[in-house]
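S.K.: Prediction below, plus the sequence it came from.
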Number of protein chains: 4
Amino acid sequence: MSDEVIPQGLWTGDYFNEGSGRDGIFDKLKEECGVFGVFGHPDAASMSYYGLHALQHRGEESAGLCVTNGGDFNYHRGMGLVKEVFDKDRLASLIGDRSIGHVRYSTSGDSKLTNAQPLVFKYRDGDLAVATNGNIVNAPKIRRELEQSGSIFQTTSDTEVIAHLIARSSKDFVEAAKDALQQIVGGYAFLLMTNDRMLVASDPNGLRPISMARLGDAYLFSSETCAFETIGAEIIRDIEPGEMLVLDKNGLHEDRFAEPQRKALCAMEYIYFARPDSELNGSNLHSSRKRMGRRMAQESFVDADVVTGVPDSSISAAIGYAEQTGIPYELGLIKNKYTGRTFIQPSQELREQGVKMKLSAVRRVVEGMRVVMIDDSIVRGTTSRRIVNLLREAGATEVHVRITSPPFKNPCFYGIDTPDSRELIASSKSIEEIRKEINADSLEFISPEGLIEAVAGNNVNDYKGGLCMACFDNDYPTRTDFNGEEQFGCSC
Amino acid sequence: MSDEVIPQGLWTGDYFNEGSGRDGIFDKLKEECGVFGVFGHPDAASMSYYGLHALQHRGEESAGLCVTNGGDFNYHRGMGLVKEVFDKDRLASLIGDRSIGHVRYSTSGDSKLTNAQPLVFKYRDGDLAVATNGNIVNAPKIRRELEQSGSIFQTTSDTEVIAHLIARSSKDFVEAAKDALQQIVGGYAFLLMTNDRMLVASDPNGLRPISMARLGDAYLFSSETCAFETIGAEIIRDIEPGEMLVLDKNGLHEDRFAEPQRKALCAMEYIYFARPDSELNGSNLHSSRKRMGRRMAQESFVDADVVTGVPDSSISAAIGYAEQTGIPYELGLIKNKYTGRTFIQPSQELREQGVKMKLSAVRRVVEGMRVVMIDDSIVRGTTSRRIVNLLREAGATEVHVRITSPPFKNPCFYGIDTPDSRELIASSKSIEEIRKEINADSLEFISPEGLIEAVAGNNVNDYKGGLCMACFDNDYPTRTDFNGEEQFGCSC
Amino acid sequence: MSDEVIPQGLWTGDYFNEGSGRDGIFDKLKEECGVFGVFGHPDAASMSYYGLHALQHRGEESAGLCVTNGGDFNYHRGMGLVKEVFDKDRLASLIGDRSIGHVRYSTSGDSKLTNAQPLVFKYRDGDLAVATNGNIVNAPKIRRELEQSGSIFQTTSDTEVIAHLIARSSKDFVEAAKDALQQIVGGYAFLLMTNDRMLVASDPNGLRPISMARLGDAYLFSSETCAFETIGAEIIRDIEPGEMLVLDKNGLHEDRFAEPQRKALCAMEYIYFARPDSELNGSNLHSSRKRMGRRMAQESFVDADVVTGVPDSSISAAIGYAEQTGIPYELGLIKNKYTGRTFIQPSQELREQGVKMKLSAVRRVVEGMRVVMIDDSIVRGTTSRRIVNLLREAGATEVHVRITSPPFKNPCFYGIDTPDSRELIASSKSIEEIRKEINADSLEFISPEGLIEAVAGNNVNDYKGGLCMACFDNDYPTRTDFNGEEQFGCSC
Amino acid sequence: MSDEVIPQGLWTGDYFNEGSGRDGIFDKLKEECGVFGVFGHPDAASMSYYGLHALQHRGEESAGLCVTNGGDFNYHRGMGLVKEVFDKDRLASLIGDRSIGHVRYSTSGDSKLTNAQPLVFKYRDGDLAVATNGNIVNAPKIRRELEQSGSIFQTTSDTEVIAHLIARSSKDFVEAAKDALQQIVGGYAFLLMTNDRMLVASDPNGLRPISMARLGDAYLFSSETCAFETIGAEIIRDIEPGEMLVLDKNGLHEDRFAEPQRKALCAMEYIYFARPDSELNGSNLHSSRKRMGRRMAQESFVDADVVTGVPDSSISAAIGYAEQTGIPYELGLIKNKYTGRTFIQPSQELREQGVKMKLSAVRRVVEGMRVVMIDDSIVRGTTSRRIVNLLREAGATEVHVRITSPPFKNPCFYGIDTPDSRELIASSKSIEEIRKEINADSLEFISPEGLIEAVAGNNVNDYKGGLCMACFDNDYPTRTDFNGEEQFGCSC
């Protein structure tokens, strides 16, 4: 429903709060960023515009594009949505057959335009542009060392670190980049562009998604495959952990800067972040989430009258739960998508009179009913409590909460902005304590095995798409301790 | 998904093409308008802002609000969405405890600001504001007669006619309005406001929806109940056919200007226009549409692998079809919601290369599959053909189309903009001919009885919510012939 | 200096306060409106755009244009400056070879868009558009009579009256217009347009300026000749008092609706309103104002060190005063042209710290100097007092004020917004009392004869350009009493 | 005249072509930039807003402000005018008691936002912001050396060079800055700010203007004094050549980084760039320009009927010429100030029909007259030819051109964007040849001595304000040769 109300039962991505952020009643996880690259298409900027638009849910705060024809760089970055940052004239002025682009969801609260990517630098060998998704755990340490030897920084983005490392090297660009990547610890997908080359890299654990496609003679790279669908490109494959692709006038060169470590793709991408029409490791996300719902129904069935999902991210799972149990899936919750910076938020007074900020319950559907409410995660617990209460005020006689992730207990080092451990309700409370806190009649989380099997789908026996579940089980795939200089969250 | 892509399976209202209209590949019916009234709330303008926002899908072209405290009128109208037309300062300046508001979806191609409602006039007794949803069949005739006797018009909106009829009368406002309504033939909901009174009227057949709610001491009126949910008001009832409510300092007075004729609420409101979280005649629309899907499954089952709905309006029905048949409901179609006037449309060249305008099929989901595709209506047939072909190109082996309305054959006289009969494919072609035209493996429409029973739900035996199905069966509830001066479509 | 600071000594038209109004420290007279018409030029809209832009100083609040090719009307009106109201696409859509346009400076405080002109109506014979500059003294009376017989009004603009009078007549358009003009008392220039004709009329005293020019085969009409200069047209003549020109496919027809009364063109047009590069009655305004300054120097010489003018309207006169006396003309006052609605006004606190709102004195120029300060008029006296004090604070040892109009004592009935007589300082105080009030060392006003001779210039013996000086001498050229229903100011 | 038409005779700064640039018919010199600093005022951002606004004529392309309270920096930069770049909310968010600001007029054609100043960096000791006016002649050489040792640059602005030089030093900030300034050759005014200090420096020849004022306890710095007048501050003095002021919590410390060389303030500041209400070396600019006009009248009198100046920069000189000769000063030329990006330029077709782009002649004033036309400089000669022809077409019988600068022959190395020497008409043609080229009846330039004496005014005997006249006499005050790596124009 465009931009006003997304009825529950009608998934549309919780993350598509155009400009309205996650504040307010939603204490959801913040998304990281999205990258999109084109090499060899005469309309690189236009293709990127549609590609980045498809990745908009990964970052609504700023957007940017750097384009070249092999010579000088043309670039533009701005605060806001892709469609706001680029107008027709601007896009037409970005002439070139290769480009890297970025959408950003600031996690640090520092939303200065200077941090908008792609970052663009001039160095000894010419121009260098960088776009990242993810986080460099040891960025503060590297940055401190660079500053000690006279480097100046224009951003607070740790992405700038990689440019300095490359510029400081006396080697050729590709070797310099390889050296730089070897010094970096974290979870990331990098797109780098010089006047004559493009370089694509994925961290040694493949923590953040990055895929490749072809369109005619052009190569395309994207954080999610939905962007390829939009522009009619053919998906080729995911970039491998530790892999480094170099593109130049002679085509694509496959290389690597590190041996692959255990595959550990972010589980929250499956559960929550990625668009339902994207695919990860060959699985459609809507189908994966339906399987999570089905699995929940098997693990923790409850007798009820209606199943409803918290819009938008839990609709697919709710449909799965309904399909498995035979309990009808209904529109019990509505999300008001007060989109955009221009929408006037209701005053405190009006909210107290009943004007709903974002979410409301549909009385006609839930009154007198026993409701199963599917959600994707519980972070602080405040949102869940609020939604359960909305359903009760609208007349639900029972509210049973089912969560399609295991309890979220630990902070992320690989690109997701998470609150302090102390604020993560599951880090200090039992499930029964959380149930009471959120005022539910029952509360169940999917089991870790259940999640893995739902993700694997039919390929469960030969599933090779290892997950990072550190936020659930504290098993981080990389080193995370740098004597207090390590960095959480997202470095974009 | 805010405003880029609404995955199918995720209903969000086909009509929420923010600013992008129905042109392009979509040959859908155009919406009519929405009205919203407040009487007796100190923040009438703010309540109306949220109310009209909830009705945005009924008209995205212009919005307006006229407010008073019992004295002078304050009003503002503008082209664009509610959130674009009103900014904070503007809203704060609209001081008053009563108001009438309007959102408009121009049907005539004449999108001049002067036609934006509410229309506001000065006449002998002071100020008069009018907001309408619907159409006056005999407007051209009345207008001609008024001009002959010296009236001047400032709009091409037939709504202006009622103001002239009232101003020409020598009676008191309420009596004058009653006389005026009796001269008018059509389907409409009217909100009128003078300096000291408000008047709400529904045509003698109740063709267009209009409901009443309470919030504290205030009375609220809205084309759809979803607006009440948003602001936390309690739904009271629908306005009756031929009824006329008058509100003044002494409260609410129930009156009528005509005996009720057979109840004939627009069937397309149930099928397509109204929001899934609204209710009509006591039924939630999402549930009604699920019943349509279930009914279709009973009437015309087909063995298949996946069910998918054409987003956004057919998602509910597709879920119903899946529930009834056990065939899984999947995300086979994605709608790219390139919202807003600022989005840059892909060039013809890019579209030919595969950049999708609005809708694309998800290859991972449909490849190698037999697909049931649910849609709400077929107007010219061009869209259906296009969508079927998208599915085939993405690898669907069979495409079976199921339509939740009977064949659309006749133009509407009551507020829906329809093309010439000659362009309505069902007016000249058989179902088999249409099937061939749209390249489907099978094609079935819901039966008229099936539609009525799905709408009625459990109340099928004592269902009193009579439908206007003239577009299907040519049985118009009012006179429609005025010697060539009768008017189709929508008069807003 | 574009839009920040217009140094005094550098006339740029006091009226070019883009969007900033006359409020604040300036208690100047408010301008009336400007009209511009084109008949017979294929780019009528573009010519009008440049023409109206040249008339911008006559009205900065709204702008509008109605264009036709002989059939339907295309029109657009909006709040703001000409360049803000029309963008390229909008202008390109206004196709036609004839047009009437308007810029408005609201005098009533009612700045609703609905009052923006040209007003456009539909009546028995088709479309009718009206643009006016001036005031109809008996408009309230006519309006009341029309409402009594059932007319409805959409504006508070009295210009709507003339459309009703024409629509109510059973005669042909030209005869109906003639009848209507004969019922109207006031000072005005009218442009009327129907689908096939244009009509231009000036009141029987020629109170408001309106001139005609040719450009190729096209006829042009404008409130001021500067608009002709801008577009390269050749000035033909002024429209005569009581004259009525009709243009149709057969060309220009000269007619009249009234015998000419004594010529009485508004004296304030010469003194203050019109642009210095316009000409009235064959005289360039800059030169006329220089003569006023010279005359003041003859009538009331004072020994001083520098002459300075209050920007922008008094610069020409100040140069004349300096030329006549040999006292150097210097930049003693600077006007800060904080243009546009987007400029952030300094807070009260900052103003108290010395941040100047609009006008400041240049210390380097006036310190230790005896200053002659030329201004065009004194309305309430508050501005004059403030400017004198600015000069004193900057170190002027003496300030001698010379005003190029006689004392302003009486309200205007012909299109200039004036305050209540009680607020006009000259209506109750002697010149010596005013001098004390404004804290000047001396104060002199030009004599009425001096003004007339300065206006007449070399043509003083055969000067036929009679002036309305009612605001100075209470000698109103028309009837002004309608039993309390007469209207002051401006009816646009 | 806000933004439409600046009648000649009414100076308003040729450079105030809001957004419209100097292209088109004007081949004028391009302005350099303006800087404004505040130290110790609680509303530093607001004061800077008004200060930068007063300097707007020095740069209309971008504006920026960096503010601090002694801790973190808040900054904002944007493309456009000061009033466009900062809105109320933005300004309110810039909290701090010290700030440096900048307006920029891109001279390089590279108008990327990244080059907007103040530039802000992070380095070992914290934050560093830099704002400049002027040019670093040896910037390319220094930059190349820095890149060789691994520095990366984010801008093409040479201002970035100074930040690198400081960051590379191991000394304290003030000593590091002193070292850096000693490596730099050029003409400049620098404002630098760290978390706890501000530093102001002028090059050893004082080529670019920079002055100091006080407002209460605060120190203010500005490229021109007009900014001080606007905010009510008291002018203290100019910064001396080679001087370096340091401000910290202990107040102002006077220091220097170089011995003063011969004073060589840019002559074009006097002739053309600075605002007429500014003062340089104690002289008001309007008065200085009047003296230039008087001097021209003495050096090259010609018998004529009217004197007119090319708006806006030559109005003061024209008034001086008229005062000296007794020939009346009249409004012979009008400048249409089609301001702003939103103004629709007339099409080629309309221009051919006579719609004037920027400048038109007033026929009523010049017809049949012998005209003296005063202008400030001749660069390529194309503009002068065009203006002379405008006057002739409007009926002038003779046109005598008087230029208030000597012939412009050599490029500028100190901040003014000049074309190639080959395009400077005076570098290859005699005065008589130029006269023919511009179609004038006579042409004279002011003599170098005349210019100096006019600038000096009454202080001619003890005038110490030495001028840089290198563009006229090729006598550059600094080294300008760096083996082909030297840079012209402006480095902002």
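M.R.: Ah, there it is. Residues are numbered from 1 along each chain as shown, chains lettered A, B, ... in the order given.
S.K.: Could you pull up the residues touching the closest residue in space to residue A:450 that isn't next to it in sequence?
M.R.: In space, and not counting its chain neighbours, residue A:450 is closest to residue A:295: 4.5 Å by Cβ to Cβ, 6 or more residues apart in numbering or on different chains. Backbone N, C-alpha and C define where each C-beta goes, glycine included. Shown in contact with residue A:295 (Cβ atoms under 8 Å, 6 or more residues apart in numbering or on different chains): A:446, A:450, A:451, A:453, A:454.
S.K.: Throw these into a markdown table and include neighbour count, secondary structure and distance to residue C:160, thanks.
M.R.: Below are the contacts of residue A:295 laid out as a markdown table (neighbours: other Cβ atoms under 10 Å in any protein chain shown; DSSP: H, G, I helix; E, B strand; the rest coil; distance: Cβ to Cβ, whole Å):
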| residue | neighbour count | secondary structure | distance to residue C:160 |
| --- | --- | --- | --- |
| A:446 | 25 | coil | 69 |
| A:450 | 20 | helix | 73 |
| A:451 | 25 | helix | 70 |
| A:453 | 16 | helix | 75 |
| A:454 | 26 | helix | 69 |
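S.K.: from those, which single one is nearest residue A:242?
M.R.: Set against residue A:242, the nearest of the contacts of residue A:295 by Cβ to Cβ is residue A:451 (25.3 Å).
S.K.: Render the CA-only coordinates of the helix ranked longest in chain A in CSV, please.
M.R.: In chain A, taking DSSP state H as the definition, the longest helix is helix A:285-299. What follows is helix A:285-299 as a C-alpha-only set of coordinates in CSV (Å, rounded to 0.1, in the frame of the first residue of the first chain):
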residue,chain,number,x,y,z
LEU,A,285,13.7,-16.2,0.9
HIS,A,286,9.9,-16.2,1.1
SER,A,287,10.0,-20.0,0.8
SER,A,288,12.7,-20.2,3.5
ARG,A,289,10.6,-18.1,5.8
LYS,A,290,7.5,-20.1,5.1
ARG,A,291,9.6,-23.2,6.1
MET,A,292,10.5,-21.4,9.4
GLY,A,293,6.9,-20.9,10.1
ARG,A,294,6.1,-24.5,9.3
ARG,A,295,8.9,-25.6,11.5
MET,A,296,7.6,-23.5,14.4
ALA,A,297,4.2,-25.1,13.9
GLN,A,298,5.8,-28.5,14.3
GLU,A,299,8.0,-27.4,17.2
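S.K.: which outside residues touch the following helix or strand past that helix?
M.R.: Scanning forward in sequence from helix A:285-299 by DSSP states H and E, the next helix or strand is strand A:306-309. Residues outside strand A:306-309 that contact it (Cβ under 8 Å, 6+ apart): A:8-9, A:11, A:315-319, A:321-322, A:325, A:327-333, A:365-366, A:369-375, A:391.
S.K.: how many other residues sit next to residue A:65?
M.R.: Residues within reach of residue A:65, counting by other Cβ atoms under 10 Å in any protein chain shown, total 32.
S.K.: what bridges to it?
M.R.: When bridges are taken as DSSP bridges, the partners of residue A:65 come out as residue A:76, residue A:101.
S.K.: Just to check, it is in contact with residue A:86?
M.R.: Yes - the criterion here is Cβ atoms under 8 Å, and residue A:65 meets it with residue A:86 at 7.2 Å.
S.K.: anything in contact with each of these two?
M.R.: Counting by Cβ under 8 Å, 6+ apart, the residues touching both residue A:65 and residue A:86 are A:49, A:76.
S.K.: hang on, the earlier thing: save the contacts of residue A:295 as JSON lines, and put in pLDDT too.
M.R.: Shown next, in JSON lines, are the contacts of residue A:295 (pLDDT from 0 to 100):
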{"residue": "A:446", "pLDDT": "98"}
{"residue": "A:450", "pLDDT": "96"}
{"residue": "A:451", "pLDDT": "96"}
{"residue": "A:453", "pLDDT": "94"}
{"residue": "A:454", "pLDDT": "95"}
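S.K.: I'd like those laid out as JSON lines, including distance to residue B:418.
M.R.: Converted to JSON lines, the contacts of residue A:295 look like this (distance: Cβ to Cβ, whole Å):
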{"residue": "A:446", "distance to residue B:418": "49"}
{"residue": "A:450", "distance to residue B:418": "51"}
{"residue": "A:451", "distance to residue B:418": "50"}
{"residue": "A:453", "distance to residue B:418": "51"}
{"residue": "A:454", "distance to residue B:418": "46"}
